[in-house]
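Trainee: sequence and predicted structure below; questions after.
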Amino acid sequence: MSQQTIKQARVLVSDLFRPNPAIYWTDFLVSLTVAYTASLVLLKAPVPVAVQVICFVMAAVALYRVSLFMHEIAHMPAGQMRGFKIAWNILAGIPLMLPSFFYDTHREHHNTRHYGTEGDGEYLPLAQGTWQSLLAYFAQVLYLPLITFVRHLLVTPISLVYPPLRRWVWRHWSSFVIDLSYERERRPNDPVGLWTAMEIACHLRAVLLVALIAVGIDPWYNALILYGLSVSILSMNHFRTLAAHRYTSHGAAMSLEDQLLDSVDLPNRDWLTLALCPVGLRFHALHHLFPGMPYHNLETAHHRLMQALPASHPYRQCVASSMRQVIGELWAQIRINSNLTPRLEPLPSHFAGHPESRPHLANRRTATRHWDAA
């Protein structure tokens, strides 16, 4: 994609890059109120089963929306909306044990040198894979909440007094990703002191959850409910992620136009898309074209571009009719790959953890890594 083509699109939306704090605060606080109210009723109130089911669904959907504000925070410049970032971490990130710095690596997903390569923890070549690779991908939703909890409860305090473990935890266990072989790199200007304070706060939150059950204030089955909520939230995110990209990369760097064509916009406002793609994530291709645009302006920008851009513009090729269409195309490709398994390299590689087991991605690093999100 030429710079002129990008400039042509940017001129049409140049007034849509300023965030509206009132929208952020209102959306976040209303969603948080719904999420915590439904959670409290679910965990504390003696209500009928039907009410519990309703509260569980409300809590999961609202908590999912609240958690995805982490994606917006990852794209905000350091000095922008500092109060919102602090409030999100205090009111949501730490209580949910999802500190925002775990998602700082998201910027690598937008880096033209990293997208779809070993340096992109939010990308798996699923379109090159088989049923096993897809099952391995969805299996993450069952064990990653447990790993996250253990990380905060036990590993954090041990790592703070044992530097070798600290270095390992930072590289392999401090990011929200879907490629578990990804390794995080420490950057010179990282605010390590602030992040350490957030880790300690998450540790204390984990200790509190255990203590409340241990002393009998909360019943033991509350742990199962919280685990169920975590699995539900992560499942929604994993399902959404399948429709965010085409996942056609073989591990090599892609041009900006190829990255755009590998991403998807879902402008239709059906209930499933609205529920699974909140906070602007329906317009994922547009977000990759203009990552700094606030979520509340993406739909307006999309309509402007579709009205004004020429028929030959690459952006038009990124629009899909529904999540069903995008996931169906991925499903069809996986089915073809599965039928050709003897001639393809198996891809449940993020379980095996060995780059040698996937020759087409032999440059990916070997590691065990902990999830995400977005």
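Mentor: Sure, I can see it. Residues are numbered from 1 along each chain as shown.
Trainee: can you tell me how far residue 64 is from residue 44?
Mentor: Per Cβ to Cβ, to the nearest Å, residue 64 is found 21 Å from residue 44. To be clear about C-beta, it is placed using only N, CA and C from the backbone, and glycine gets the same treatment.
Trainee: cool, and residue 300?
Mentor: In terms of Cβ to Cβ, residue 300 sits 41 Å off from residue 44.
Trainee: one more: residue 35?
Mentor: When residue 35 is compared with residue 44 (using Cβ to Cβ), they lie 14 Å apart.
Trainee: between those two, point out the one with more neighbours.
Mentor: residue 35 (23 against 11; other Cβ atoms under 10 Å).
Trainee: in the protein, where is pLDDT below threshold?
Mentor: 1-4, 341-374 (pLDDT under 70).
Trainee: make sure residue 229 is actually in contact with residue 63.
Mentor: Yes. With contact defined as Cβ atoms under 8 Å, residue 229 counts as touching residue 63 (6.6 Å).
Trainee: and for those two, which residues touch both?
Mentor: Shared contacts of residue 229 and residue 63, defined by Cβ atoms under 8 Å, 6 or more residues apart in numbering, comprise residue 39.
Trainee: would you list the phi and psi of residue 283?
Mentor: Per-residue torsions, residue 283: phi -110, psi 60 (degrees, to the nearest 10).
Trainee: where's it relative to residue 277, distance?
Mentor: For residue 283, the distance to residue 277 (Cβ to Cβ) stands at 9 Å.
Trainee: list residues touching both of the two?
Mentor: Contacts common to residue 283 and residue 277, judged by Cβ under 8 Å, 6+ apart, are residue 266.
Trainee: neighbour count for the two, which is higher?
Mentor: Neighbour comparison, residue 283 and residue 277: the larger count goes to residue 283, with 26 against 21 (by other Cβ under 10 Å).
Trainee: that one - nearest residue in space that isn't next to it in sequence?
Mentor: Closest residue in space to residue 283, ignoring its immediate chain neighbours: residue 298 at 4.1 Å, by Cβ to Cβ, 6 or more residues apart in numbering.
Trainee: next SSE after the helix or strand where that neighbour lies?
Mentor: Element membership of residue 298, judged by DSSP states H and E, is helix 298-308. Using DSSP H and E, the helix or strand that follows helix 298-308 towards the C-terminus is helix 323-339.
Trainee: so which bits of that next one are buried?
Mentor: Along helix 323-339, these residues count as buried under the neighbour rule (16 or more other Cβ atoms under 10 Å): 323, 326, 330, 333-334, 337.
Trainee: just the closest of those residues to residue 71, please.
Mentor: Among these, residue 323 lies closest to residue 71 (Cβ to Cβ), at 17.8 Å.
Trainee: isn't that closest one right up against residue 274?
Mentor: No. Contact criterion Cβ under 8 Å: residue 323 and residue 274 do not qualify, at 10.6 Å.
Trainee: name the surrounding residues that touch stretch 272-285.
Mentor: 27, 61, 64-65, 68-69, 71-72, 236, 239-240, 243-245, 260, 263-267, 287, 294-296, 298-299, 301-302, 315, 318-319, 322-323, 374.
Trainee: rerun that using 6 Å as the cut-off
Mentor: 65, 68, 236, 240, 244, 260, 263-266, 295, 298, 302, 318, 323 (Cβ atoms under 6 Å, 6 or more residues apart in numbering).
Trainee: same check, this time on stretch 291-310
Mentor: So stretch 291-310 is contacted by 9, 12-13, 16-17, 19, 23, 72, 75, 110, 267, 279-280, 283, 286, 315 (Cβ under 6 Å, 6+ apart).
Trainee: tell me which of these fall in helices.
Mentor: 9, 12, 23, 72, 75, 110, 286 (DSSP state H).
Trainee: let me have those residues in JSON lines, extended by neighbour count.
Mentor: Output for the ones in helices among the contacts of stretch 291-310, formatted as JSON lines (neighbours: other Cβ atoms under 10 Å):
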{"residue": "9", "neighbour count": "21"}
{"residue": "12", "neighbour count": "14"}
{"residue": "23", "neighbour count": "13"}
{"residue": "72", "neighbour count": "23"}
{"residue": "75", "neighbour count": "17"}
{"residue": "110", "neighbour count": "17"}
{"residue": "286", "neighbour count": "27"}
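Trainee: possible to save those as a markdown table with distance to residue 126?
Mentor: As requested, the ones in helices among the contacts of stretch 291-310 are exported to a markdown table (distance: Cβ to Cβ, whole Å):
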| residue | distance to residue 126 |
| --- | --- |
| 9 | 28 |
| 12 | 32 |
| 23 | 33 |
| 72 | 25 |
| 75 | 24 |
| 110 | 19 |
| 286 | 22 |
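Trainee: buried residues, the helix holding residue 298. List them.
Mentor: For helix 298-308, a neighbour-count test (16+ other Cβ under 10 Å) marks 298-299, 301-302, 305 as buried.
Trainee: would you tell me which one of the residues you listed comes nearest to residue 155?
Mentor: residue 298 (37.0 Å).
Trainee: biggest separation within the contacts of stretch 272-285, which pair?
Mentor: 65 and 260, at 26.1 Å, using Cβ to Cβ across the contacts of stretch 272-285.
Trainee: fine by me, thanks again.
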